[in-house]
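Peer 1: heads up, no residue letters with this:
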């Protein structure tokens, strides 16, 4: 990635000068003149070239803004006007929203405080979009960002901003695990579904569910109502319409098709280590979005495991057979012994439960009955939040 050089030299204003630097004024005039050109006879290719030219200029300016804001913030220049924070100073004096001001300050602080990131941005090796993705991921774990900065910047150099967001999402999950945070449990507690009758004999659905449940629900609904033929007597329904019809079928007692929720996790991440090359990190729902490490570990507690050996990111050398961690006989024995979820006061039957490893097999725990118990999903999540790190008693 390279950033085009500008032929306008910017001279910093003298001490106490509050006027715009002449070079910046000329730069603005150049852009205004470029945009003001008569484009009525332009081809599509010429218009595309102008769009890219302006975006490249915007990127160069934004990179410079991050550097300047970082220096300005580091010396607390905003406090000289009595502002309580850098973001509040910007939101009152610049044409930006409060949210945008906070994001700008966060991005600038990441650049100001991390030399490798600053050098890569200055050289045009990474973009301001990479910086934004990294600063979002590093929020509240900035010290760990500094510890892994070289690996993160290396990953940014060879990935697009969209690809990099997935890379740093994996890194964030591992970082939270290293500092002992458990965001998955907190997010799970935010789940809700509102069903609100509205006018015109309609009902509005609104809510939040976690990624695992969302993936499973989407697959069930799509299995009940597959795409319509395009040459049928009526226009084909949209995806949203088909899912609405499928939800009605479920509520009417239709049997849901069986679906599986699979996760893909690399060996380093599974064992609680951050991979040396972050672009090789995998911790995600198969065909879906990244999930946090604690959710992946909980799902692996009662799963079938398939070993996949790859060469690089895309070449599969060996695909092993799926091996259930908990056998059918063990699951039957657990149903007889536990009778359902073991959490006091919970009445979830065995078929609603996972087989939970009290000492996780990823950490060396055996898949023996004394180390297993049935737990419904809610209390399975609770158990992983409180799970001990060593082997439990077999008494």
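Peer 2: Here it is on my side, so go on. Quick caveat, the model's predicted, so the values are computed rather than measured.
Peer 1: in stretch 162-180, what's buried?
Peer 2: For stretch 162-180, the neighbour count (16 or more other CB atoms under 10 Å) marks 164-178 as buried. Every residue, glycine included, has its C-beta placed from N, CA and C.
Peer 1: which of those residues fall in strands?
Peer 2: Here DSSP state E is the test, and those give no hits in strands at all.
Peer 1: and which of those is nearest residue 210?
Peer 2: Closest approach to residue 210 among the buried residues of stretch 162-180 (CB to CB): residue 173, at 13.8 Å.
Peer 1: that closest one contacts residue 292, doesn't it?
Peer 2: Yes. Under the criterion of CB atoms under 8 Å, residue 173 makes contact with residue 292 at 4.3 Å.
Peer 1: now for those two: what residues contact both?
Peer 2: Between them, residue 173 and residue 292 share these contacting residues under CB atoms under 8 Å, 6 or more residues apart in numbering: residue 283.
Peer 1: so what's the residue count around residue 91?
Peer 2: When neighbours are defined as other CB atoms under 10 Å, residue 91 has 19 of them.
Peer 1: which member of the buried residues of stretch 162-180 is positioned nearest residue 120?
Peer 2: Checking these against residue 120 by CB to CB gives residue 164 as the nearest, at 12.0 Å.
Peer 1: mind listing what that closest one touches?
Peer 2: By CB under 8 Å, 6+ apart, residue 164 lies in contact with 129, 130, 133, 134, 155, 156.
Peer 1: could you tell me how many residues sit around residue 138?
Peer 2: Residue 138 has 26 neighbours, counted by other CB under 10 Å.
Peer 1: go on, residue 35?
Peer 2: 10.
Peer 1: and it, what's its pLDDT?
Peer 2: Per-residue pLDDT puts residue 35 at 81.
Peer 1: then residue 324?
Peer 2: Listed pLDDT for residue 324 reads 74.
Peer 1: list phi and psi for the residue lying closest to it once chain neighbours are set aside.
Peer 2: In this structure, residue 324 finds its nearest non-sequential neighbour in residue 304, 4.7 Å apart by CB to CB, 6 or more residues apart in numbering. Per-residue torsions, residue 304: phi -100, psi 130 (degrees, to the nearest 10).
Peer 1: picking that back up, go through the buried residues of stretch 162-180 and say which is closest to residue 265.
Peer 2: Residue 265 lies nearest to residue 170 out of the buried residues of stretch 162-180, by CB to CB, at 9.6 Å.
Peer 1: surely the closest one touches residue 277?
Peer 2: No. Residue 170 is not in contact with residue 277 according to CB under 8 Å; the separation is 11.4 Å.
Peer 1: now residue 131: how far from residue 168?
Peer 2: Here residue 131 is placed at a distance of 11 Å from residue 168 (CB to CB, to the nearest Å).
Peer 1: can you give me the helices in the stretch 1-150 of the chain?
Peer 2: Under the criterion DSSP state H, counting those that start in this stretch, the stretch 1-150 of the chain contains helices at 22-35, 44-74, 86-93, 98-113, 115-122, 128-137, 142-147, 149-157.
Peer 1: tell me what the shortest one is packed against?
Peer 2: If I follow you right, that is helix 142-147. If contacts are counted by 3 or more CB pairs under 8 Å, 6 or more residues apart in numbering; DSSP states H and E, helix 142-147 sits against helix 98-113, helix 161-178.
Peer 1: what about the longest one, distance to the chain center?
Peer 2: Its chain's average C-alpha position is 7 Å from that of helix 161-178, according to CA atoms, centre = their mean, to the nearest Å.
Peer 1: nearest spatial neighbour of residue 144, skipping sequence neighbours?
Peer 2: Closest residue in space to residue 144, ignoring its immediate chain neighbours: residue 175 at 4.5 Å, by CB to CB, 6+ apart.
Peer 1: in contact with that neighbour, which residues?
Peer 2: Taking CB under 8 Å, 6+ apart as the criterion, residue 175 is in contact with 137, 138, 141, 144, 145, 148, 274.
Peer 1: nearest to residue 90 among those residues?
Peer 2: Nearest to residue 90 among the contacts of residue 175 is residue 138, at 20.3 Å by CB to CB.
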